[in-house]
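[1] Return a 3D structure for these sequence lines:
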Amino acid sequence: MPQFEVVNFAPQFVWLVITFAILYFGIVQLTVPKIGRVIGEREQTMSGDIESAEAAKAEADRIEGDYAASVAAAREQAREALNAARGRATKAMEQRLAAANAEVESKQSAAQAQLDAARTKALAEIEAVAAEAAADIVERLTGARPDSGKAVQAVQSVALAAE
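    Below you'll find the model as predicted:
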């Protein structure tokens, strides 16, 4: 092979160095600035994206804070409305309870009046029956019937003494 002959080795080496130098400096001169520009643009884009992301995060944090504040305010309003409704319900219940108590008391007093009237009537009837029975007993024992007024007085005096 001719490329491995020592005579041809030196010229091939020179041409190799020249070709390498041309390609190397051509690539360095043409592509390195382009690569530098691309890297610079990429760095600017990334820093801009990072800044916009930080701004978006700050905005999101602000929105989150506003949302939390509005939720807290809504909860407080709901709590106040609930307390007001409870107060109104308690007041209405107290009014109904007072009306029911008044109705029960009126019914109780009416029932007590009826009971007292029935008791008085029953006692009067018992006194009349007792006076009649006492008059019958006295008539059987003595043969003479006592006055009905005196029999009633005697029964009443015995009833007062028993109390």
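[2] need the helices for this protein, in chain order.
    6-142, 148-162 (DSSP state H).
[3] Just put those helices in TSV and tack on mean pLDDT and mean neighbour count.
    Any C-beta I mention is one placed from the backbone N, CA and C, and that applies to glycine too. Listed next are those as TSV, based on pLDDT from 0 to 100; neighbours: other C-beta atoms under 10 Å:
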stretch	mean pLDDT	mean neighbour count
helix 6-142	91	10
helix 148-162	77	13
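[4] tell me the contacts of residue 92?
    Residues near residue 92 by C-beta atoms under 8 Å, 6 or more residues apart in numbering: none.
[5] typo on my end, residue 154
    131, 134.
[6] and with 7 Å instead?
    With contact taken as C-beta atoms under 7 Å, 6 or more residues apart in numbering, residue 154 is in contact with residue 134.
[7] Ok, the one 5 residues further on next?
    Residue 159 makes no contacts at all, as judged by C-beta under 7 Å, 6+ apart.
[8] For the remainder of this discussion, apply numbering that starts at 30.
    With 30 as the first residue, the last one maps to residue 188.
[9] Against residue 137, how distant is it?
    28 Å (C-beta to C-beta, to the nearest Å).
[10] likewise residue 89?
    69 Å.
[11] ok, now how distant is residue 58 from residue 64?
    12 Å.
[12] do the same with residue 48
    Taking C-beta to C-beta, one finds residue 48 at 22 Å from residue 64.
[13] thought residue 185 was touching residue 156?
    Yes: under the criterion of C-beta atoms under 7 Å, residue 185 makes contact with residue 156 at 6.5 Å.
[14] Could you pull out the residues contacting both of the two?
    With C-beta under 7 Å, 6+ apart, residue 185 and residue 156 have no common neighbours.
[15] Since that was my last question, I'll sign off now.
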